[in-house]
Structures are given as structure tokens and as C-alpha cells.
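K.L.:
this one's structure only:
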């Protein structure tokens, strides 16, 4: 990629969304978007931005940063028919999957949820929530420490980890930190961004505490330091981030890979960061776009070509929404 890139907002796809969080593109160009505070999933037309209610995920108990968070489609069979959702329930954070049938009546297009994984500690904040299917067909899950930092180093807790599991929630045969475990990496504070590059490497964006937010290259069995290390600490036994930011410049949530660069959405930072890559290293200093223009930015997803979908997050209780928030925008990038 070029050392210096560009971003052009080419379309406002949808407006008037309530606490949008997760985004899942469909093969026909439409989008599924989750609403954190209502527990509903909407289908957004890629042509005219029209909204159709897909259904409400049962058992969602919103509160603080919790609620209906990340969603992902498992289309390994070539059909968009299994929708996965990460959400906060009354007792924990959990992952379920549901059959998705767009031919059914509006609001009743989701089948009964089937449990994939339960027992992820919940709290008012640090619930993690991003899920993504990797190029290996496994489901990757970013969790938070549930405001209990010690859980990130607790081998018996799934909190403060990145998990890797089969689509049914069971541990894979190999590739994880330990056999018969879904833990892929540990020592994370609050992972809300996951992305794979063309070399199938996993990258994650992570909220720091008061000093450094992080972009990490994530490898199996590695420990990323929290709460003993934050940012580039250089401490033995812990992996330093590839890039770090002050929280007021980032507070990152979504992460995507497109056109040879990683694109990271900033909440408190209210900007989109571009990190061009030369293999597994930054090619140049990170570059900020859209600073202060759209407010808080929650989710960014590649369109598979030269564009991104970008979701704002101004109705999440911490933003300053206008009469068009929240919105989904289409970006052209290089």
C-alpha cells in the first residue's frame, strides 16, 4: 500500500439507527446490523438504505456497555443462513447461533437460538463482544476482563482473552494455546476489533486503561500483558503491541483490513485510523481520517474490494447525537 492513503465518503447508507454495534454484510450487498440496547437485528438495503426488522434476539439484557454486540454470518456452505450473535444476558456474556430466513415475515426471520458458548463474565463495561470467522473456518471471539483485570491472566477464565472455537463452540483439534481449550491468546483488557489480512494473520484492537490503546498482531499461546503491562512495556513474557495510541486519540472498537492497510474505528478519538502494512510491520506512521466529523465510530467492515462500511456510535449514551444518528456510511479507501 502507499505510505499515505486516502478516504472518501461516497454514500450515507442508513440513518436513524439506535445503538448500532455489529455489522454483517450479505452476499447481495445488503447489511445486517445489531442494536445493542434493543436486542434487535435490522436488514439495511444496500441500494436505498431501507430498513427491515429481521427479529429480536431473546435473552438480551442491555446495561452499560453490554447488550447485543457482535454478529457474524457463517456462510461456509455458500448460504447466509446461520447468524451468530454475542450478547449480554442476565447472568453472563454468551454466543448463540440462529437460522436466518429472509423469506419469512418481517420481524420473524430468526430461528430459535442455539447455544454456542456461555459463561463469559459480564459487567457494566469491558464486555468485549467482537466475533469473526477466520480463514480457517473457526469462530474467533474478543472478550473483555469484565472490569476484573486479574481475569485476563487467569488460565481458568475466558475473560480477557481471544477465543478460537469450532462453529459449534467446541475446541478445535489444534492451533490453540492448549489442547481441549478455546483460549487462543491471553492478557487482553477489552478486545472489540478483529481482522485478518491476506496472509491470514489475526490483528486485534484493544482498549487500554489510562495510558495506551493497542493494535496487536495476535498469535496462538501468546500473552499480551494486561494488567501487568499496558502498551509497549518491553517486559519479558509479554508481547508488545505493534502500534499504540493515547486513549483520547483512539479508544478503538472495530477493525478491518482493506487495500493493504488496517482500518481502526475510534470511539473517544472520533476518527478512523489507517495503518499501512509491510508484512507484519507498519509501513508508515498511522494516519487519521474523519476526525471529529462523524462523532464516535464503532464498527468498520471491509466490502471485499476497495471500500469500507463504517458505523457511528453516537446514541450509545456517551455521544452527542444529531437527528440523523446513528448512521452507516460507505467509504472508498486506498
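P.N.:
Cool, got the structure. Because the structure is a prediction, the values reported are computed rather than measured.
K.L.:
Spit out the contact partners of the closest residue to residue 154 other than its chain neighbours.
P.N.:
Using C-beta to C-beta, 6 or more residues apart in numbering and skipping the chain neighbours, the partner closest in space to residue 154 is residue 160 (7.8 Å). Backbone N, C-alpha and C define where each C-beta goes, glycine included. The neighbours of residue 160, taking C-beta atoms under 8 Å, 6 or more residues apart in numbering as the test, are 143-146, 149, 151-154, 186-189, 226.
K.L.:
make it 6 Å
P.N.:
145, 151, 152, 188 (C-beta atoms under 6 Å, 6 or more residues apart in numbering).
K.L.:
Which one of those residues is nearest to residue 75?
P.N.:
Nearest to residue 75 out of those is residue 188 (C-beta to C-beta; 27.4 Å).
K.L.:
sorry, back to before: I'd like the contacts of residue 160 laid out as CSV, including pLDDT, distance to residue 264 and secondary structure.
P.N.:
Output for the contacts of residue 160, formatted as CSV (pLDDT from 0 to 100; distance: C-beta to C-beta, whole Å; DSSP: H, G, I helix; E, B strand; the rest coil):
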residue, pLDDT, distance to residue 264, secondary structure
145, 98, 20, coil
151, 98, 25, helix
152, 98, 21, helix
188, 98, 16, coil
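K.L.:
Adding distance to residue 70, write those residues out as a markdown table.
P.N.:
Output for the contacts of residue 160, formatted as a markdown table (distance: C-beta to C-beta, whole Å):
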| residue | distance to residue 70 |
| --- | --- |
| 145 | 17 |
| 151 | 19 |
| 152 | 19 |
| 188 | 15 |
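K.L.:
Check those and tell me the two furthest apart.
P.N.:
By the measure C-beta to C-beta, 151 and 188 form the most distant pair in the contacts of residue 160, at 10.1 Å.
K.L.:
between these two, which one's more packed in?
P.N.:
Per other C-beta atoms under 10 Å, whichever of residue 151 and residue 188 has more neighbours is residue 188, with 27 against 22.
K.L.:
Okay, the more buried one and residue 94: tell me how far apart.
P.N.:
In this view, residue 188 and residue 94 are 18 Å apart by C-beta to C-beta, to the nearest Å.
K.L.:
and if you look at residue 125?
P.N.:
17 Å.
K.L.:
what's the answer for residue 106, then?
P.N.:
Per C-beta to C-beta, residue 106 is found 26 Å from residue 94.
K.L.:
Could you do residue 293 as well?
P.N.:
According to C-beta to C-beta, residue 293 stands 36 Å off from residue 94.
K.L.:
what number of residues lie near residue 101?
P.N.:
13.
K.L.:
isn't it right up against residue 111?
P.N.:
No: judged on C-beta atoms under 6 Å, residue 101 makes no contact with residue 111 at a distance of 7.1 Å.
K.L.:
roughly how far apart are residue 134 and residue 13?
P.N.:
Separation of residue 134 from residue 13 (C-beta to C-beta) stands at 26 Å.
K.L.:
between these two, which one's more packed in?
P.N.:
residue 13 (21 against 15).
K.L.:
what's the closest non-adjacent residue to the more buried one?
P.N.:
residue 328 (4.4 Å).
K.L.:
quick one: that neighbour and residue 311 touch, right?
P.N.:
Yes: using C-beta under 6 Å, residue 328 makes contact with residue 311 at a distance of 5.4 Å.
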